[in-house]
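Chemist: model the structure of this input:
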Amino acid sequence: MRNVLTIAGREIRSYFVSPIAYVVLTGFLLLGGWFFFNLLARFNFLLTIYSAQQNPQVLQRLNLNEFVIAPLLHNLSVVLVILVPVITMRTLAEEKRTGTYELLLTSPLRISEIVLGKFLGSFVFVALMVALTGVYPLILMLYGNPETGVILGGFLGLLLLATCFVAVGILTSSFTENQIIAAVTCLVSLLLLYIIAWPAENAGETMGALLRYVSLTEHFAQMVKGVVDSKDLVYFATVIVLALFLTHRSVESIRWR
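Modeler: This next block holds a predicted model:
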């Protein structure tokens, strides 16, 4: 465990000694703030209109979770699809490019420790990004009355989604020494997992159910609604473990070449 934490600490420091961490964090929070305040302004506009019409039935259907938090989380998930490949592209590809990859493989470290250390370092950074966006629901709690349980379920879903993105990003980074190739491969893979359920309605009952189950967004959408189902948790855990297992096999294959 000490070796895993050492590699993770080295990985986290490498982010903050370069402009990558500050640019990514600033961009993510700026976009998140833009989405949040625009969604909140739209909610206030609708609230004003329907209050003037004195329509209590419509007013009851207006709630902060549905009109602000849910769209915000979906928008942030799209931003993560773009930013996570930038964060993870260097994890193993940079080691190969600089020649330190061979030192890692010939050191008394197990491959699993290398993979878990790299994963943990990137995960901590992405978890920090998600945690900082928690300021938006805090603002709503101070001045409004959102459903706390639904918010917690949604942010748990966003964190699990981001963790899956990190695991896939480390996998694609293990395939090449070119960071651009690693980032593009990760982006394409994440987009495929993100939109794979689009043709589900026209794909037949069996194939449609399969596409919806494979889709990351289908499971994420359930958690955004506040529904934390064991089926969704098992799916996210499966994606993460499978991606890390394939990364382990990819790194191991290089050791024996």
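Chemist: Val227: what secondary structure?
Modeler: What DSSP: H, G, I helix; E, B strand; the rest coil gives for Val227 is coil.
Chemist: for the host helix or strand of Asp232, name the packing helices and strands.
Modeler: Per DSSP states H and E, Asp232 falls inside helix 230-255. Where contact means 3 or more C-beta pairs under 8 Å, 6 or more residues apart in numbering; DSSP states H and E, helix 230-255 is packed against helix 101-106, helix 111-132, helix 148-173, helix 216-224. C-beta here means a position set from N, CA and C on the backbone, and glycine is covered the same way.
Chemist: which ones are touching Leu31?
Modeler: Neighbouring residues of Leu31 by C-beta atoms under 8 Å, 6 or more residues apart in numbering: 75-76, 79.
Chemist: let's go with 7 Å and repeat that
Modeler: Val79 (C-beta atoms under 7 Å, 6 or more residues apart in numbering).
Chemist: ramachandran angles for it?
Modeler: Torsion angles at Leu31 (phi, psi; degrees, to the nearest 10) stand at phi -60, psi -40.
Chemist: gap between Ser174 and Asn63?
Modeler: Ser174 is 44 Å from Asn63, where distance means C-beta to C-beta, to the nearest Å.
Chemist: looking at those two, which is more packed in?
Modeler: Remark: of Ser174 and Asn63, Ser174 carries more neighbours, 26 against 17, as counted by other C-beta atoms under 10 Å.
Chemist: what's the pLDDT at the more buried one?
Modeler: Note on Ser174: pLDDT of 85.
Chemist: okay, and the helix or strand of the protein with the least pLDDT?
Modeler: Ranked by mean pLDDT, DSSP states H and E, the helix or strand of the chain with the weakest confidence is helix 56-61, at a mean of 60.
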